[in-house]
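1. This is the structure alone, sequence omitted:
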């Protein structure tokens, strides 16, 4: 096997496959290899729907071999480290591989150990998560008989920041449709100060929360889960003066001890585990102080090494980590990479932080949050072709987009390097 490539890509997820396919569609002569250990490639945006019993998990999986772009070499291995000064990537079993240009897109990893009790809770089935086993989430929701249904998320960045609340809405809708509303407290606890950072979306979601009667708990950061007694412990992250009232008397059984320990008992619990860049990235000299790949937020070029680009969930970008964001990052990476190959400057600074979060608010309903680095609401004009004129409001056509059109677009266009 060769140990040098013109372009080496780490990661065969959305970012890596899309970048390779797009590069080869523009210049078929490029010598490209992709380091990816997994036999399977997943369409993870559908996992929320799997967790709500309305999408087949098997349809989210395809063989990695089937999505590997024609003309790219697949190195079925793990990247384990970098020596960027020597243009080299270390691997688990293929030795050291050198490159002229490197694209870093390995995604992120789950770090449940950052919340004591979480790993064991997930393993024992006391806690469920669409991020790790969406089929089990559906089993839990389907078999729920009433009590406290707690949904929460960590203080770390996570992929698809809206996913922890989407499953709360779907569960609330399911409980309502199945006569459990009066027996259930649906609780959504988040370390954030608001339900969503984009104002028109936030206004709609607060109405959704109100309609379902969800107990919304901002400033709640999960810190420990007592799985024996099924009690989640939270820190309150708000400034001191905002800590005075914690919804006493709403029969949640919630207890506040001092200002540092809020205890919420649960009968079911769904969580997005804490997440981080993969260890080999975190421990390299390619990251910023927070441990994410240190790239220019508009050109996607590494700040220190001009022949390295990064995109997707591993990149230190102040926007949501979504497949939709990658869709807009890839053309910028490809354009700049081809410029650098041709001894020009990476002058494309067009990535504006675009990301999108399809917020499913119930069965058959969705709101589509599209936004940029400044949290401006930036709806795609193409939505008007679908007769959706206010994507910040719930609409059944947006549900159809999420369930049927976006998966097709992903497999048939995005992964084949076609710009959409």
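-> Perfect, thanks for sending it. Every value quoted in this text rests on a predicted model; they were computed, and no experiment measured them.
2. center of this protein - which residue?
-> Centroid-nearest residue in the chain: residue 159, 1.6 Å away (criterion: C-alpha atoms, centre = their mean).
3. for it, what are its contacts?
-> Shown in contact with residue 159 (C-beta atoms under 8 Å, 6 or more residues apart in numbering): 44, 107, 108, 131, 275, 313, 321, 322. In short, each C-beta sits where N, CA and C put it, glycine included.
4. I'd like those laid out as TSV, including distance to residue 390, pLDDT and neighbour count.
-> Conversion of the contacts of residue 159 to TSV gives the following (distance: C-beta to C-beta, whole Å; pLDDT from 0 to 100; neighbours: other C-beta atoms under 10 Å):
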residue	distance to residue 390	pLDDT	neighbour count
44	27	97	21
107	33	98	22
108	33	97	21
131	30	98	25
275	32	98	21
313	30	98	29
321	26	97	21
322	21	96	25
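5. Redo those residues as a markdown table? Include secondary structure.
-> Shown next, in a markdown table, are these (DSSP: H, G, I helix; E, B strand; the rest coil):
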| residue | secondary structure |
| --- | --- |
| 44 | helix |
| 107 | coil |
| 108 | coil |
| 131 | coil |
| 275 | strand |
| 313 | helix |
| 321 | strand |
| 322 | coil |
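6. Looking at those, which one is closest to residue 269?
-> Proximity of the contacts of residue 159 to residue 269 (C-beta to C-beta) peaks at residue 131, which lies at 13.3 Å.
7. nearest spatial neighbour of the closest one, skipping sequence neighbours?
-> What sits nearest to residue 131 in space, not counting adjacent residues and going by C-beta to C-beta, 6 or more residues apart in numbering, is residue 272, at 5.5 Å.
8. my read: that neighbour touches residue 158, true?
-> Yes - between residue 272 and residue 158 there is a contact under C-beta atoms under 8 Å: 4.9 Å.
9. Of those two, which one has the most company?
-> Legend: neighbour count by other C-beta atoms under 10 Å for residue 272 and residue 158, higher for residue 272 (25 against 22).
10. residue contacts, that one?
-> 129, 130, 131, 152, 153, 154, 158, 163, 164.
11. mind running it again at 6 Å?
-> Contact analysis of residue 272 by C-beta atoms under 6 Å, 6 or more residues apart in numbering lists 131, 153, 158, 164.
12. Help me confirm that the last one is found in a helix?
-> The one in question is residue 164. Yes - read with three-state DSSP, residue 164 is one of the residues of a helix.
13. pLDDT at it, what is it?
-> On the pLDDT scale, residue 164 is placed at 97.
14. residue boundaries of the helices in the stretch 151-300 of the chain?
-> Using DSSP state H, counting those that start in this stretch, the helices of the stretch 151-300 of the chain run over residues 163-177, 199-212, 279-282.
15. Compare those and report which one is nearest to residue 406.
-> helix 163-177 (13.9 Å).
16. so the closest one versus helix 199-212, what angle?
-> 30 degrees (axes from the mean of the first three to the mean of the last three C-alpha atoms, to 10 degrees).
17. Identify all contacting residues around helix 163-177.
-> 48, 51-52, 130, 141, 151, 153, 181, 184, 186, 188, 212, 214, 270, 272, 359-363.
18. ChimeraX command to pick out the buried ones of these?
-> Per 16 or more other C-beta atoms under 10 Å, the buried members of these correspond to this ChimeraX selection:
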select :48,51,52,130,141,151,153,184,186,188,212,214,270,272,359,360,361,362
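19. pLDDT weak spots in this protein?
-> For the chain, applying pLDDT under 70 flags the ranges 239-251, 256-259.
20. domain ranges for it?
-> Taking automatic domain parsing as the criterion, the chain consists of the domains 4-108+277-354, 112-274.
21. can you redo the ones you listed as CSV with distance to residue 418?
-> Shown next, in CSV, are the domains of the chain (distance: least, C-beta to C-beta, whole Å):
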stretch, distance to residue 418
domain 4-108+277-354, 7
domain 112-274, 23
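22. for those, which one sits closest to residue 393?
-> Minimum separation from residue 393 across those (C-beta to C-beta) falls at domain 112-274, 5.9 Å.
23. ends of the closest one, how far apart?
-> 6 Å (C-alpha to C-alpha, to the nearest Å).
24. swap in stretch 39-48?
-> 22 Å.
25. what separates it from the chain centre, distance-wise?
-> Put simply, stretch 39-48 sits 11 Å off its chain's centre (C-alpha atoms, centre = their mean, to the nearest Å).
26. can you pull the contacts of residue 161?
-> By C-beta under 6 Å, 6+ apart, the residues touching residue 161 are residue 320.
27. Let's see that with 7 Å instead.
-> Counting by C-beta atoms under 7 Å, 6 or more residues apart in numbering, residue 161 touches 320, 357.
28. How about residue 19?
-> The contact partners of residue 19, taken as C-beta under 7 Å, 6+ apart, are 9, 103, 105, 311, 330, 333, 334.
29. Next, it: secondary structure please.
-> The three-state label given to residue 19 by three-state DSSP is helix.
30. longest helix anywhere in this structure?
-> helix 323-341 (DSSP state H).
31. tell me what that one is packed against?
-> helix 14-26, strand 96-104, strand 308-310, strand 355-362 (3 or more C-beta pairs under 7 Å, 6 or more residues apart in numbering; DSSP states H and E).
32. Tell me the helices and strands packed up against the last one.
-> Looking back up the chat, that one is strand 355-362. If contacts are counted by 3+ C-beta pairs under 7 Å, 6+ apart, strand 355-362 sits against helix 163-177, helix 199-212, helix 323-341, strand 365-371.
33. Distance to residue 21 for the ones you listed - can I get that in CSV?
-> Shown next, in CSV, are these (distance: least, C-beta to C-beta, whole Å):
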stretch, distance to residue 21
helix 163-177, 26
helix 199-212, 31
helix 323-341, 9
strand 365-371, 24
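34. Of all these, which one is nearest residue 123?
-> When these are compared by C-beta to C-beta, helix 163-177 sits nearest residue 123, at 19.8 Å.
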